[in-house]
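K.L.:
Got a predicted structure plus its sequence, pasted below:
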Amino acid sequence: MSIGFSAVAARRTLLASLVIVGMGFTVLFPVLSPLGRELGLNEMQITFIISMSSAIVFLTTPLWGRLSDVWGRKRVMLIGIFGFALGTALFNSVLQAGLAGWMVGVPLFAGLVVARMVHASIMSAAMPAASAYMADITTIAQRTKGMGAAGAANNIGAILGPALAGLAVISLMTPLWFIAGLAFLNGLFVLFFLREPPRERAAVRPPRMKYTDPRILPFIVVGVIMFMGFGLVQQTMGFRFQDALQLDAAATAGTFGTAMMFSAGCSLFSQMVIVQRLDVAPFTLLKLALPLLIIAFVLMATQETQFWLTMALSIQGLGMGLAGPGFMAGASLAVSAEEQGSVAGVAGSCGPLGWTIGPLFGGALYQVEPWLPYAFAAVVYLILLMIMPWLGRRVRPQA
């Protein structure tokens, strides 16, 4: 480390910022489903909004990851965080126009899709830069635990984000406006307190890393499928809670938000206790996560009480808490130090790709039968579990 740079201070500042980022990503989920129905949108339209924005994140995240190798981690993080704040304000404005009756029908739906896509194209800079930053300030031996700490910080935010949904008792828009302001303050925090890490800067823009790169392919396959299931759940369980428990819009936001808090808490337990205290290889963490996720989907498909739906989300959180650090650390350790921005971009785009596919399947299947999305996901994950030994043989020994 260069003189004057403290990795410990940088890590603390980065993790504090990731708490706010996690809040921003999760506060929307308990609110959007009931809010969309208040605006007259159906399940497919609501999930389509998230799918299209996720598609944009999928396309832009690798670019932002490569740019962080050239422009620097901090600069790209700032673009993403301030872009999140401004994009959220734009999306909120369109929602507000719909609630006021100034936009209805097709113009409202199109406006929401476009606003969310603009939002996604800029905010997608934050996470690959943050992941590459963590890779810069950790050694190979520390990498899995470092990624686990980043995931844990994000999950603390994921606990606090749904808690903000409680502000829906004031109005359904209150949590969304609150997070826009908080994201802007987070950008100021990063601007003044996060320092650029010392690293080997690329003289030119690094070459594009392919998803089929054999060094990371096993992690990419598992990551996309896992995030597909995660996105399917996050964008349909709001409907499941509202319909199974016969709740109104505000009660749905509060009840589903509480369940998401339990889910994020279990994910935090996985990352802070299991990942931090046990020396487990990244791909092993992925193999441990899959049975938990399958159980969670089975419960979602077969149960219709608040207790069991909340329990299913909690088990899913436990599994994703194992899977997230395993996925990011495994991909990071598979490539060289000069490729950390590139691999962070490629790996970081697997989540958005899964989130593009998952909500589309989820919304369409939910309109057929409410239990069908989760049964579908359970079958897909069962197939993935069966091919894990084959994928594991293709994971190269870590450096």
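P.N.:
Everything's here; your move.
K.L.:
Does residue 58 touch residue 349 like I think?
P.N.:
Yes: checked against Cβ atoms under 8 Å, the pair residue 58 and residue 349 is within contact range at 4.8 Å. All C-beta spots, glycine's among them, are computed from the backbone N, C-alpha and C.
K.L.:
Could you check how far residue 378 is from residue 358?
P.N.:
13 Å (Cβ to Cβ, to the nearest Å).
K.L.:
which one of the two has more residues nearby?
P.N.:
It is residue 358, of residue 378 and residue 358, that has more neighbours when counted by other Cβ atoms under 10 Å, with 29 against 20.
K.L.:
lowest-pLDDT helix or strand in the protein?
P.N.:
helix 143-164 (a mean of 74; mean pLDDT, DSSP states H and E).
K.L.:
next one: it to chain centre, how far?
P.N.:
Relative to the centre of its chain, helix 143-164 is centred 10 Å away, using Cα atoms, centre = their mean, to the nearest Å.
K.L.:
Show the subsequent helix or strand relative to it.
P.N.:
Once helix 143-164 ends, the next helix or strand along the chain (criterion: DSSP states H and E) is helix 174-193.
K.L.:
What's the first helix or strand after that following helix?
P.N.:
The helix or strand immediately downstream of helix 174-193 is helix 217-245, counting by DSSP H and E.
K.L.:
Mind checking the pLDDT average for that next one?
P.N.:
Average pLDDT, helix 217-245: 88.
K.L.:
Let me know the average pLDDT across the helix or strand following that helix.
P.N.:
Next helix or strand after helix 217-245 toward the C-terminus (DSSP H and E): helix 249-269. Helix 249-269 shows a mean pLDDT of 85.
K.L.:
Check the offset of the helix or strand following helix 249-269 from the chain's centre.
P.N.:
Next helix or strand after helix 249-269 toward the C-terminus (DSSP H and E): helix 276-277. Taking the mean of its C-alpha atoms, helix 276-277 sits 22 Å from the chain's own mean (Cα atoms, centre = their mean).
K.L.:
Repeat that for stretch 378-395.
P.N.:
Mean-position distance between stretch 378-395 and its chain equals 22 Å (Cα atoms, centre = their mean).
K.L.:
Show me which positions of that stretch end up buried.
P.N.:
378, 380, 381, 384, 388, 391, 395 (16 or more other Cβ atoms under 10 Å).
K.L.:
swap in stretch 222-229?
P.N.:
222, 223, 224, 225, 226, 227, 228, 229.
K.L.:
Give me the contact list for stretch 43-55.
P.N.:
32-33, 36-37, 109, 112-113, 116-117, 119-120, 231, 235-236, 239, 352-360, 362-364, 366-367 (Cβ atoms under 8 Å, 6 or more residues apart in numbering).
K.L.:
Filter the residues you listed down to just the ones in helices.
P.N.:
32-33, 36-37, 109, 112-113, 116-117, 119-120, 231, 235-236, 239, 352-360, 362-364, 366-367 (DSSP state H).
K.L.:
Just the buried residues of the residues you listed.
P.N.:
Buried, going by 16+ other Cβ under 10 Å: 32-33, 36-37, 109, 112-113, 116-117, 119-120, 231, 235-236, 239, 352-360, 362-363, 366, out of those.
K.L.:
Count the residues that sit near residue 83.
P.N.:
21.
K.L.:
Same check on residue 182?
P.N.:
Quick note: residue 182 (other Cβ under 10 Å) scores 18 neighbours.
K.L.:
And it, how far from residue 189?
P.N.:
Distance from residue 182 to residue 189, by Cβ to Cβ: 10 Å.
K.L.:
Quick check: residue 115 vs residue 253, distance?
P.N.:
From residue 115 to residue 253 the distance is 20 Å (Cβ to Cβ).
K.L.:
Of the two, give the one with the bigger neighbour count.
P.N.:
residue 253 (30 against 21).
K.L.:
Quick check: that one vs residue 195, distance?
P.N.:
As defined by Cβ to Cβ, residue 253 lies at a distance of 38 Å from residue 195.
K.L.:
Equivalent analysis for residue 241, please.
P.N.:
From residue 241 to residue 195 the distance is 43 Å (Cβ to Cβ).
K.L.:
More neighbours: those two, which one.
P.N.:
residue 241 (28 against 14).
K.L.:
So the more buried one sits against residue 259, correct?
P.N.:
Yes: with contact defined as Cβ under 8 Å, residue 241 and residue 259 form a contacting pair (7.1 Å).
K.L.:
Return every residue with contacts to both of those two.
P.N.:
306, 309.
K.L.:
List the buried residues of the least confident helix or strand of the chain.
P.N.:
Quick answer for helix 143-164 (16+ other Cβ under 10 Å): 143-164.
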